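In: generate coordinates for the sequence data below:
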Amino acid sequence: MCLAIPSKIVEIRDQMSVIDVDGVRREASLMLIEDARIGDYVIVHAGFAIQKIDATEALESLKLLRQAAALMNPAD
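Out: This is a model prediction of the structure:
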């Protein structure tokens, strides 16, 4: 099972992008996505962006993931 975390495209060079999740950046291929643009949110699997998602949905998913992480690691 994989957990898909929405990632924001912050750079595009040819068919490669730099994606960002809460300040963590890495590269992802855009070969499987049409019309990807800087600012789009995508789901990435095995280094490939596989689907664009709505920004509102992406931000809500990120909010819920942060809340779940906070429950697992409560501040002392």
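
In: which residue ranges of the protein form helices?
Out: Along the chain, the segments classed as helices by DSSP state H run 55-72.

In: residue ranges in it under the pLDDT threshold?
Out: For the chain, residues meeting the criterion pLDDT under 70 lie at 1-2, 75-76.

In: please look at Asp54 and Tyr41 and confirm they touch.
Out: Yes - using CB atoms under 8 Å, Asp54 is in contact with Tyr41, at 7.4 Å. Heads up, the C-betas are built off the backbone N, CA and C, glycines and all.

In: between those two, point out the one with more neighbours.
Out: Tyr41 (22 against 11; other CB atoms under 10 Å).

In: from Asn73, how far out is the more buried one?
Out: Distance, Tyr41 to Asn73, by CB to CB, to the nearest Å: 25 Å.

In: now the strands for this structure?
Out: 7-13, 16-21, 24-29, 41-45, 48-53 (DSSP state E).
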